[in-house]
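Engineer: Show me the folded form of this:
(one chain, ligands or ions: 1)
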Amino acid sequence: MKQIRNLTLAMMMTTAFFSGAEVLPAPQTTGGMPLMEAMAARQSSRDISPASQVSKQDLSNMLWAAWGVTHDGKRTIATAMNRQELILYVLTATEVSRYNPEDNTLTVVNTGDFRRDCARQEWAATAPINIALVVDTTKQEKEVFQAYTVGAASHNIYLYCASAGLKTVVRAMMDNKALTEALKLAPNERVLMVQTVGK
Ligand SMILES: Cc1cc2nc3c(=O)[nH]c(=O)nc-3n(C[C@H](O)[C@H](O)[C@H](O)COP(=O)(O)O)c2cc1C
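Structural biologist: Numbers count the residues shown, from 1 in each chain. Coordinates of the predicted model:
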């Protein structure tokens, strides 16, 4: 069983290599701060240093917490009727990437610094990481269910950040039109929230 899993992983990494996607470190899905302590520590922090860095391991763990694959094709969060309509994008100082939960990779969709598009607040435009929470409206047309999905993913990012000593805040303040262009979203994809992360 373990050999089959390793073989599947190796095949996915080979596919990712040839597609040019960046393979993230495997998410650490055990250990960490006890859940009750993480909930008690959760908070929004805006004093994020532009010079701070988020490691690839933290990024991988955080993306998995928000939207990773767990068991039987399910995710770390519930989605209405299991529609799985969420798509996560990562904005850094140099590029915009789409998270592929199935093989834990990032695919660059745009190059350049587009953090200002998702930040009407100065400290967010200079934070090392902004995660755009996007929904595929053809998979889930009901707005209340889309909002639930984005809220659940955001909250898992909050909990991971609390447990890992990272600062974060979820934000509705963004330039929706500019960000939609920066992410190169299809007409059926809609950005609902952005979550800023750093130290
Ligand atoms: C739907 C939603 C939208 C928010 N939008 C912003 C925002 O645009 N900018 C910001 O600085 N904080 C934003 N926040 C963070 C809230 O201000 C914050 O959660 C609240 O003040 C409570 O603080 P706490 O998260 O530390 O408990 C938002 C929170 C939610 C749930």
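
Engineer: From now on I want contacts and neighbour counts done on CA atoms only, so please keep to that.
Structural biologist: Noted.

Engineer: average pLDDT for stretch 170-187?
Structural biologist: Across stretch 170-187, the average pLDDT comes to 97.

Engineer: Then stretch 105-121?
Structural biologist: For stretch 105-121, the per-residue pLDDT averages 94.

Engineer: to the chain's geometric centre, what's the distance from that stretch?
Structural biologist: Relative to the centre of its chain, stretch 105-121 is centred 12 Å away, using CA atoms, centre = their mean, to the nearest Å.

Engineer: So which bits of it are buried?
Structural biologist: Judged by neighbour count (16 or more other CA atoms under 10 Å), stretch 105-121 contains these buried residues: Thr105, Leu106, Thr107, Val108, Asn110, Asp113, Phe114, Arg115, Arg116, Asp117, Cys118, Ala119.

Engineer: For Gly20, see how far away the third one is.
Structural biologist: For Thr107, the distance to Gly20 equals 7 Å [CA to CA, to the nearest Å].

Engineer: The last one now?
Structural biologist: Relative to Gly20, Ala119 is positioned 28 Å away (criterion: CA to CA).

Engineer: Residues of the chain that sit close to the ligand?
Structural biologist: By the rule CA under 6 Å from any ligand atom, the part of the chain lying against the ligand is Gln43, Ser44, Val169, Val170, Arg171, Ala172, Met173.

Engineer: which SSE is the residue lying closest to Met39 once chain neighbours are set aside in?
Structural biologist: Nearest residue to Met39 in three dimensions, chain neighbours excluded: Leu159, at 6.3 Å (CA to CA, 6 or more residues apart in numbering). In this assignment (DSSP states H and E), Leu159 forms part of helix 143-164.

Engineer: Give the buried residues for that helix.
Structural biologist: Under the neighbour-count criterion of 16+ other CA under 10 Å, helix 143-164 has 145-146, 149-163 buried.

Engineer: Also stretch 186-199?
Structural biologist: Neighbour counts using 16+ other CA under 10 Å place Glu189, Arg190, Val191, Leu192, Met193, Val194, Gln195, Thr196, Val197, Gly198, Lys199 of stretch 186-199 among the buried residues.

Engineer: which residues are in contact with it?
Structural biologist: Outside stretch 186-199, the residues that touch it by CA atoms under 8 Å, 6 or more residues apart in numbering are 48-49, 52-54, 118, 124, 127-138, 147, 150, 154, 165-172, 174, 176, 179-180.

Engineer: Just the buried ones from the residues you listed?
Structural biologist: Neighbour counting by 16+ other CA under 10 Å classes 48-49, 118, 124, 127-137, 150, 154, 166-171, 174, 176, 179-180 among the contacts of stretch 186-199 as buried.

Engineer: Tell me how far the longest strand seen in the chain lies from the chain's centre.
Structural biologist: When the chain is parsed with DSSP state E, its longest strand is strand 189-198. Here strand 189-198 is found 8 Å from its chain centre; the criterion is CA atoms, centre = their mean.

Engineer: List the residue ranges of this protein that fall below the pLDDT cut-off.
Structural biologist: Residues of the chain meeting the criterion pLDDT under 70: 1-19.

Engineer: Tell me which stretches of it form helices.
Structural biologist: Ranges of helices in the chain, per DSSP state H, are 2-19, 35-41, 56-67, 122-125, 143-164, 176-182.
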